[in-house]
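> make a model of this:
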Amino acid sequence: MTIHMKNLHARSIALVIAFLPACAHSPDDPKLDRSSDLDLSSVAKRFGVPRCTVSVPLAQEDVLRTAKRSGDPHPEDRPEWAAMVEAIEPGDQLRRVICLKTGKNGLAAGDIFYGLFRDGAMVAEMHTMIIN
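Below is the predicted model of the structure:
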């Protein structure tokens, strides 16, 4: 291996190590609800992804804290948040919704947002992160 190839190889490894933590999920992210009986097929279809997943139900404070950690500095000031809070009825659930697929460049593409669910259907949403 030439010196140039060794340097290129070393730089490639350094780049992978530098960006690896950014791809990892935070242990503070809401836990996924793998047993959810919510029918998310219409949501997935709307976003053009094979399927969507949801978190366990979240308190309002959890949604705001997670949105801030994801880069939305003032989610509580957004009109979508005000509309969701106003629409909440007893028995409703706030959940983080993840609708991702592999994009044309091989990276994740899609949407991560918060949804208000009532009787198994999403009735309001607040988008915080669109990927690719």
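
> now the residue nearest to the spatial centre of the chain: closest residue in space, sequence neighbours ignored.
Closest residue to the average C-alpha location of the chain: I112 at 3.0 Å, with C-alpha atoms, centre = their mean. Excluding the flanking residues, the one nearest I112 by C-beta to C-beta, 6 or more residues apart in numbering is M129, at 4.4 Å. C-beta coordinates here come from the backbone N, C-alpha and C atoms, glycine included.

> three-state assignment of that neighbour?
At M129 the chain is in strand, as set by DSSP: H, G, I helix; E, B strand; the rest coil.

> N105 now?
Secondary structure state of N105, per three-state DSSP, is coil.

> and for it, the neighbour number?
A total of 8 residues lie near N105 under the criterion other C-beta atoms under 10 Å.

> find the nearest non-adjacent residue to L94, please.
Of all residues beyond its chain neighbours, the one nearest L94 is L58 (4.8 Å), with distances taken as C-beta to C-beta, 6+ apart.
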